[in-house]
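*Asks:* Quick one: sequence and predicted model below, then my questions.
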Amino acid sequence: MSKIIAAAAIRGAHACMDRAERMLADAVGRLGRDAQVGFEGTAYALPTILALTGRRVERLRDLEDAVAEAHGWIPSVPTDSTWLPYLGGTLDAGAATLVAHETVESLKPLGGIPLVSGFWLGPTPDSILREQGIKLVDGRMPGFAACVGALPDDETAEQIARDLQERNILVFMGSHTNGDTMAAQLNRRGVQMNWETFLVPYGPDTSSLVHAIGFACRAAMTFGGLKPGGLKEARDILLYNKRRVFAFALALGEVDDEKYATAAGAINFGFPVIADTDIPQILPSGICTYEHVVSNVPHKSMAARAVEVRGVKIRTVDIPIPVRHGPAFEGERVRKEDLAIEFGGKYTRAFEYLTSRPMDRIEDGLIRVVGPEIADAPEGGRLPLAIFIEVAGRKMQSEFESILERHVHSFLSEPMGVMHLGQRDSVWLRISRKARDAGFRISHLGTVLVHKLKNDFPAIVDKVQVTLFTDAADVDALYPTATAAYAYRDERMGALTDEAVDTFYSCALCQSYAPNHICIITPERLGLCGAYNWLDGKAAFEMNPHGGNQPVRKGEVVDPVLGQWKGVNDFVSTASNGAFERFSAYSMITDPMTSCGCFECIACVLPGTSGIMIVDREYPGQTPVGMTFSSLAELTGGGQQTPGFIGMGTLYVLSRQFLSGDGGLARLVWTTTKVKERLGDKLRARCSEIGHPDLYEKIADETVCTDLEPLIEHLAAVEHPALGLGEMI
């Protein structure tokens, strides 16, 4: 390792630790050693400290112990006459720097310095980590970048951000260069920064970058199921990140001692550093998969070089449209003041309808606009819109139509400057002035659909043609055909039951993060992430017979009540690497399915109620079981099989087979208002179907109580049917 880097990193570690110790001593002096400390929205205490030391920091006294331990990791600064192997000591100094940074960040609010302010988002809540998890495992977000400092000018800052967005890289921003920050530069350029746009500004200080490391640590603990503890456990977490979390740092502008020390901390995780300045390079592989430090990289090629050095696998589609595109632009909103034209919403009729045709009925690549184009509409004007998509393929099946149609939303959200909300006949689409001025036209919506459908579904889609109707008469004429198709699909899906099929489908997407986890998706139990149902699995297998979705023959019935079949159990034993021998599709008590960390909700048994509760990942508060969602997730996720706890997709509650082996929907005694409101009338209808039409009102939520004793009193008062079913465990 370069002696220059080693000396700078060790000096920086000493400086960072000194600052942390001063702030900690001041906080203890003002508040006492029992004062609480931590980040909001996470059950992982201070996650980086937890991962590196195994210490769960909840009070200042805990923080004192962690800081004292980390201080001992920092070696003396090498003298001019000292020539030794520097790698181990430098990496230790980097790890200590991360502890110091997390200490500083956790103490800021105690000193009146907010972590969330203006465009700065502060630490990542567990709920957002889990929400992003499905993007990490399915490839939509193949890696993340920590951008350290600022660029020479605002235009270059936007260029770097757009280059990373176009590669679907999640971008964390922190630190500054000469008082300016990359986030401030993007803000001046009017760039939208949030989790939906993959641009996340953490804070203006170098210490804020520890939130990116905390994100990586929690990925290992949340999705990988790794438990923090001593040195061995810390090493496992570091190796997990090297092998499974594809992150890197971009050092922008001058690199001072503190940034060198922070970079050394990142290298512990296998995250390389790519710099735009002439700093010493560390090219041999070792801790990192390839190079450790690469310098003097031109800004125009920085994103590409970083992806190459980290070994990130990027899947992009070259679409001939005049604006950038990719999943990172899905979260952008087109505001009224930026509007060129809009369709649908509450103003005009707009819908999308996809149907399949024989091969000879499709002219592949044909795109027509029937009616006014964008140039024919007034500035900020409104038009009706019918997006009519016709596809053909030798393996295309009519039951795949709804799957392809559902992807229209994400496809048309990807071009920069295009906003698409809703689906079917509830569409709202906007095109910005910037996109229009760049040359984007209504016809380009068809260009996107043709390319994305053929690229993303090559095994089932051979031909695509798109007609975009913008004349009211044509839109109204097609509308009855579209709504009839929607109704037919819904009726067909409603008739699809577990008994009606002989094959289920597996989903192993999350095995990249949780190696022993496997989902079994049935017609009546969707994936726990809520993103994949049985038809999705079937279509995915048709597209890629060697991919993450495999057919699972049910085979001989082992237990019809619990939902166990010999073929499924045999598959589970193999796919879980022998970790589990059997799964129950209909029980959370006996051999429940495992969970990764991407689940929409957690269901758990509530002792003393004869029932269960369901909490969604957005809910931050306490629950009647005495834990938050994040605390429950530690018991549930990471590929564990924990009787009495399951991760699940929200819509599973509406299934006829919802925990039918344990008593079913009548067991639900508490859930969050968000779950009740999302399911709404459909949940009321299911309650009536099981013979309890007033059950919806009897199910408590956080507005009724969040403690167990008041819940038990409520259940007795409303005569909840769960009370007559007996305890589950």
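*Replies:* That came in fine, so what should we check first? Numbering: from 1, shown residues only.
*Asks:* Output the contacting helices and strands for the lengthiest helix in the chain.
*Replies:* Counting residues, the longest helix in the chain under DSSP state H turns out to be helix 3-31. Counting contacts by 3 or more Cβ pairs under 8 Å, 6 or more residues apart in numbering; DSSP states H and E, helix 3-31 is packed against helix 60-71, helix 87-107, helix 257-267. For glycine as for every other residue, the C-beta is placed from the backbone atoms N, C-alpha and C.
*Asks:* Put the alpha carbons of stretch 49-66 into PDB.
*Replies:* The C-alpha atoms that make up stretch 49-66 are tabulated as PDB, following Å, rounded to 0.1, in the frame of the first residue of the first chain:
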ATOM      1  CA  ILE A  49     -20.900   0.300  15.000                       C
ATOM      2  CA  LEU A  50     -23.200  -2.700  15.500                       C
ATOM      3  CA  ALA A  51     -21.700  -4.500  12.400                       C
ATOM      4  CA  LEU A  52     -18.100  -3.700  13.300                       C
ATOM      5  CA  THR A  53     -18.100  -4.200  17.000                       C
ATOM      6  CA  GLY A  54     -21.300  -6.200  17.900                       C
ATOM      7  CA  ARG A  55     -22.200  -3.400  20.300                       C
ATOM      8  CA  ARG A  56     -25.800  -2.300  20.300                       C
ATOM      9  CA  VAL A  57     -25.600   1.400  21.000                       C
ATOM     10  CA  GLU A  58     -28.800   2.900  22.600                       C
ATOM     11  CA  ARG A  59     -27.300   5.300  25.300                       C
ATOM     12  CA  LEU A  60     -24.300   7.500  25.500                       C
ATOM     13  CA  ARG A  61     -22.600   5.000  27.900                       C
ATOM     14  CA  ASP A  62     -22.800   2.400  25.100                       C
ATOM     15  CA  LEU A  63     -21.300   4.800  22.700                       C
ATOM     16  CA  GLU A  64     -18.400   5.500  25.100                       C
ATOM     17  CA  ASP A  65     -17.600   1.800  25.100                       C
ATOM     18  CA  ALA A  66     -17.700   1.600  21.300                       C
END
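*Asks:* quick one: the strands in the stretch 201-350 of the chain?
*Replies:* Taking DSSP state E, counting those that start in this stretch as the criterion, the stretch 201-350 of the chain carries its strands at 247-252, 273-275, 293-294, 339-344, 350-356.
*Asks:* I'd like to know which elements the shortest one is packed against.
*Replies:* In other words, strand 293-294. The contact analysis (3+ Cβ pairs under 8 Å, 6+ apart) places strand 293-294 against strand 273-275.
*Asks:* Who does the strand it packs on pair with, and is each partner parallel or antiparallel?
*Replies:* Strand 273-275 has the following sheet partners, assigned by DSSP bridges: strand 247-252 (parallel), strand 293-294 (parallel).
*Asks:* Per-residue pLDDT of Met1, please?
*Replies:* On pLDDT, Met1 comes in at 54.
*Asks:* How about Lys313?
*Replies:* On pLDDT, Lys313 comes in at 81.
*Asks:* And the closest residue to Ile321 other than its chain neighbours, how far from Glu196?
*Replies:* The shortest distance from Ile321 to any residue other than its chain neighbours is 4.7 Å, reached at His444 (Cβ to Cβ, 6 or more residues apart in numbering). In this structure, His444 lies at 22 Å from Glu196, with Cβ to Cβ, to the nearest Å as the measure.
*Asks:* rewinding a little: just checking, what packs against the next helix or strand after the longest helix of the chain?
*Replies:* Of the helices and strands lying after helix 3-31 in sequence (DSSP states H and E), the nearest is helix 47-53. With contacts taken as 3+ Cβ pairs under 8 Å, 6+ apart, helix 47-53 sits against helix 60-71, helix 87-107, helix 210-222, helix 231-244.
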